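From the sequence below, what's the structure:
(one chain, ligands or ions: 1)
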Amino acid sequence: MEVIHVPVMLREVMEMLSPKEGGIYIDATLGLGGHAEEILKNVKACTLIGIDRDEEAIKIAEERLRRFRLSHSMYFMKESFSSMSKAAEALGYRAVDGILLDLGVSTLQLKAGGKGFSFLKDEPLDMRMDKSQRLTAGEVVNKYPEKRLADIIYQYGEERFSRRIARAIVNTRNKKPITSCVELAEIITKAVPGRGKTHPATRTFQALRIEVNKELEELERAINSGGMPLKGSHQKGCSVLSQKNL
Ligand SMILES: C[S@@+](CC[C@H](N)C(=O)[O-])C[C@H]1O[C@@H](n2cnc3c(N)ncnc32)[C@H](O)[C@@H]1O
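Here you go, the predicted structure:
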């Protein structure tokens, strides 16, 4: 299956980063390489450090960006972005000209089979961006205490029916484990009243994804550790961009 990710806010991102000749850039959420490609296209030569914790995405991005190999220095690393400074330092870079964080899931994670992110797919409840980590959505759904589940669904999904959904999950799993995305989506659909424009499972699935991948902790760690020192003139632009993304 060919998966194409349309990079979001491409113009804004490029305006903020404003890549310059010889610059050093970290795309800390490389995904399928859409933003990275744009950075590379905008200058004749620069250094790109592409980081993602999804190994499969890195392979696709690396292939997509191959044609820039001759003119640019490119590094691809399977890492969490909270470790970006260590990763860059290991390559010998102590400061960079720009850092991009494009948070969330990629089209690959959502649309390609077997990842367990989509409530439309009959596949195991997984949702791990990094397949080497242990915690899966299945474990959260089947093992977390009801209150913790409700809190996660409320806080990370802003779902007003969080308590009802957590109750329905616990009632079902008391009879047998909940194993598939579609099964969970049906439990949620039955638990909430009425139907709006979006699928009733949307917010709960977002909350589970954030919990499984510890997305907020990752972001906090990346911001608190300063991510990576930025060279002078780009400091302001990058901080504005990260606020927009939040
Ligand atoms: C919205 S996609 C990025 C798409 C990319 N900008 C493009 O144009 O193709 C987000 C990516 O960030 C990755 N990601 C999420 N959290 C991460 C983290 N803490 N560390 C490293 N990568 C992460 C995901 O695996 C996913 O591939």
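
Just give the closest residue to residue 193, not the sequence neighbours.
Nearest-residue entry for residue 193: residue 161, 7.6 Å, with adjacent residues in sequence omitted and distances by CB to CB, 6 or more residues apart in numbering. (C-beta placed from N, C-alpha, C; glycine too.)

Now do the same for that neighbour: its pLDDT.
Looking at residue 161, its pLDDT stands at 97.

Okay, it and the ligand: tell me how far apart.
27 Å (CB to the nearest ligand atom, to the nearest Å).

Then residue 86?
13 Å.

what number of residues lie near that residue?
12 (other CB atoms under 10 Å).

So what does it look like in phi/psi?
phi -60, psi -40 (degrees, to the nearest 10).

The nearest residue to residue 118 once chain neighbours are set aside sits in which helix or strand?
Excluding the flanking residues, the one nearest residue 118 by CB to CB, 6+ apart is residue 110, at 5.7 Å. Assigned by DSSP states H and E, residue 110 belongs to helix 107-111.

same question for that helix, mean pLDDT?
Averaging pLDDT along helix 107-111 gives 87.

Just after that helix, pick out the following helix or strand.
As assigned by DSSP H and E, the chain's next helix or strand after helix 107-111 is helix 137-143.

Only the buried residues of that following helix, if you could.
137, 138, 140, 141, 142 (16 or more other CB atoms under 10 Å).

Out of those, which comes closest to the ligand?
Nearest to the ligand, judged by CB to the nearest ligand atom, of the buried residues of helix 137-143 is residue 137 at 15.0 Å.

Among the buried residues of helix 137-143, which pair sits farthest apart?
For these, with distances taken as CB to CB, the pair at the greatest spread is 137 and 142 (9.4 Å).

Residues of the protein that sit close to the ligand?
Within the chain, the residues that sit near the ligand (CB under 6 Å from any ligand atom) are 5, 7, 29, 31-35, 51-54, 57, 80-81, 102, 104, 106, 129, 218.

if we look at the top helix by length along the chain, which residues are touching it?
Once the chain is assigned using DSSP state H, the helix that runs over the most residues is helix 162-175. Residues from elsewhere that reach helix 162-175 (CB atoms under 8 Å, 6 or more residues apart in numbering): 141-142, 146-147, 149-151, 153-154, 159, 178, 184, 187-188, 190-192, 204.

So which of these belong to strands?
Among those, no member is found in strands (DSSP state E).

which among these end up buried?
141-142, 149-151, 153-154, 159, 178, 184, 187-188, 191-192, 204.

Of the residues you listed, which belong to helices?
In this view, the buried ones among the contacts of helix 162-175 that belong to helices under DSSP H are 141, 142, 149, 150, 151, 153, 154, 184, 187, 188, 191, 204.

Mind picking the two most distant members of these?
142 and 154, at 19.3 Å, using CB to CB across these.

Report the central residue of the protein.
In the chain, the residue lying closest to the centroid (CA atoms, centre = their mean) is residue 104, at 3.5 Å.
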